[in-house]
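[1] Got a predicted model here, sequence first, then my questions.
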Amino acid sequence: MSAIRPFRIEIPQADVDDLRDRLVRARWGTEIPGQGWSRGVPVDYLRGLAQYWADGYSWRAAEARLNELPQFLTEVDGQTLHFAHVRSANPDAVPLLITHDWPASFVLYLPVIEALSADFHVVLASNPGVGFSGPLTAPGWNTGKAAAAFNEIMARLGYDRYGVQGTGGGGWIAVEMGRQAPSHVIGVHVNGHVTFPSDDPADFADLTPAEQERLQRLQEFRDDKMGFNAIQSTRPQTLAFGLHDSPVGQLAWIVEKFKEWTDPSAELPEDAVDRDLLLTNVSLYWFTGTAGSSANVYWEGAHDPSAWAPKEKSAVPLGVALGVTDITVRRYAERDAPVVHWTELPRGGNFLSAEQPGLFADDVRAFFENHRK
């Protein structure tokens, strides 16, 4: 089945009412006083955010905003995939597929859609297993399969030559799209890109102070902030029961990443990303019941023999934008593809499109300006 069919978000009112009821009836545990965020999300903070989600935030307003984007569903390899497709009025516009990170969604690109659609035909893809591209119906949805599916979507849309942008894990998908379809992908732009050193001593020689700092952040990330990965890559189904049944659990699971992965100058997640936008992103995971299937993507990566095997270097040009939290070293990124564009931004973290939409859009535009042909 290769048909593309229009889609409109219409969450039943009973589901909206059920969410509020669960939030109002939430059971709140205790915590050791004076720990702040060091052991996870503080109770008082989460309680206040949940109260706003129940009585201040409007899902219907968010739903109406999302439905301003033309949205579609298609099926690839038995899996329903969702995307928004915003065509530009610019006759020279470049097709651009954007793939997101976890625990993000296409929602976090709302702040940049107007700016990007001035120069691009924008395809905001929902990653397999996330939001309306889920739940997953079969195993095997690793990075390579997701990349092949997104290349297929661009073919179905009639785009023979196009660019790709990816954040975090979406960046891995984006690079793989170029590796799989070099005659179609004109360039790949990434932010929040994660690369790792090898055992070769040359990987650690002559690092600049900035690169040493990024490598230190990588080590700290591995030592202190990989709990989510350990759980999702080993027992995603067990985790899913709690997140699927408790909106407070889902909220805490996601909001913690917006605290840890955004610009550290922001005291709270909503100081980095608009609070309503953040809750729309969480609501999407809740209403679609995709906490478990999004976690299963980590299981697939951990159990994919090809995930860490050496790969042929892509011939497609790579552009990298680095926020202040990034952990990428250029020589490691060069293993994936020829890096021809490298921007070290003064502000912003992993969720750059929502944190610093102007910087994000400008850098994407600057990169593809040189690779549009």
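    Sure thing, it's come through. On a predicted model such as this, the values are computed, not experimentally measured, just so you know. Residues are numbered from 1 along each chain as shown.
[2] Centroid-nearest residue for the chain?
    Asp101 (1.8 Å; C-alpha atoms, centre = their mean).
[3] doesn't that one fall inside a strand?
    No: assigned with DSSP: H, G, I helix; E, B strand; the rest coil, Asp101 falls outside any strand and is coil.
[4] Might you report the residue contacts of it?
    If you count contacts by C-beta atoms under 8 Å, 6 or more residues apart in numbering, Asp101 has them with 166-171, 192, 350-351. (C-beta placed from N, C-alpha, C; glycine too.)
[5] hang on, Ala333 packs against Ala321?
    No: assessed by C-beta atoms under 8 Å, Ala333 is found out of contact with Ala321, at 11.6 Å.
[6] Looking at these two, which is more packed in?
    More crowded of Ala333 and Ala321, by other C-beta atoms under 10 Å: Ala321, with 28 against 21.
[7] give me the element the more buried one is part of.
    strand 318-322 (DSSP states H and E).
[8] same thing with Pro135?
    Using DSSP H and E, no helix or strand contains Pro135.
[9] How about the contacts made by it?
    So Pro135 contacts 129, 288-290, 292-293 (C-beta under 8 Å, 6+ apart).
[10] Ok, Ala3 next?
    Applying C-beta under 8 Å, 6+ apart, the residues near Ala3 are 74-75.
[11] How far off centre is stretch 155-165?
    Its chain's C-alpha centre and that of stretch 155-165 lie 20 Å apart, by C-alpha atoms, centre = their mean, to the nearest Å.
[12] for stretch 242-258, same thing?
    Relative to its chain's centre, stretch 242-258 lies at 16 Å (C-alpha atoms, centre = their mean).
[13] Need the residues that contact that stretch.
    Under C-beta under 8 Å, 6+ apart, the answer for stretch 242-258 is 19, 22-23, 26, 40-41, 46, 49-50, 53, 103, 228, 269, 272-273, 278, 281-282, 285-286, 289, 291-292, 351.
[14] can you tell me which of those residues are in helices?
    Residues of the contacts of stretch 242-258 located in helices (DSSP state H): 19, 22-23, 46, 49-50, 53, 228, 269, 272, 278, 281-282, 285-286, 291-292.
[15] Quick one: buried ones out of these?
    19, 22-23, 46, 49-50, 53, 228, 269, 272, 278, 281-282, 285-286, 291-292 (16 or more other C-beta atoms under 10 Å).
[16] and stretch 309-318, which residues are buried?
    314, 316-318.
[17] Redo those residues as a markdown table? Include pLDDT.
    Compiled in a markdown table, these are given as follows (pLDDT from 0 to 100):
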| residue | pLDDT |
| --- | --- |
| Ser314 | 95 |
| Val316 | 97 |
| Pro317 | 97 |
| Leu318 | 98 |
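[18] For the stretch 51-200 of the chain, just list every one of the strands.
    In the stretch 51-200 of the chain, the segments counted as strands under DSSP state E, counting those that start in this stretch are 71-76, 79-86, 94-99, 120-125, 162-167, 185-191.
[19] mind checking which helix or strand of this protein has the lowest mean pLDDT?
    In the chain, the helix or strand scored least confidently by mean pLDDT, DSSP states H and E is helix 209-224, which has a mean of 86.
[20] Counting neighbours, which bits of it end up buried?
    Across helix 209-224, burial judged by 16+ other C-beta under 10 Å covers 211, 214-215, 218, 221.
[21] One more: stretch 351-362?
    For stretch 351-362, by 16+ other C-beta under 10 Å, it's 351-357, 359-362.
[22] Can you give me the first-to-last residue distance of it?
    Terminal residues of stretch 351-362 are spaced 15 Å apart (C-alpha to C-alpha, to the nearest Å).
[23] Ok, stretch 133-141 next?
    Stretch 133-141 has its terminal residues 12 Å apart, counting by C-alpha to C-alpha.
[24] pLDDT on that stretch, on average?
    Mean pLDDT, computed over stretch 133-141, is 95.
[25] Pull out the buried positions in it.
    For stretch 133-141, burial by neighbour count (16+ other C-beta under 10 Å) applies to 133-136, 141.
[26] isn't Trp37 right up against Lys259?
    Yes: if you go by C-beta under 8 Å, Trp37 and Lys259 touch, sitting 6.0 Å apart.
[27] neighbour-wise, which of these two wins?
    Neighbour totals were compared for Trp37 and Lys259, and Lys259 leads with 20 against 12 (other C-beta under 10 Å).
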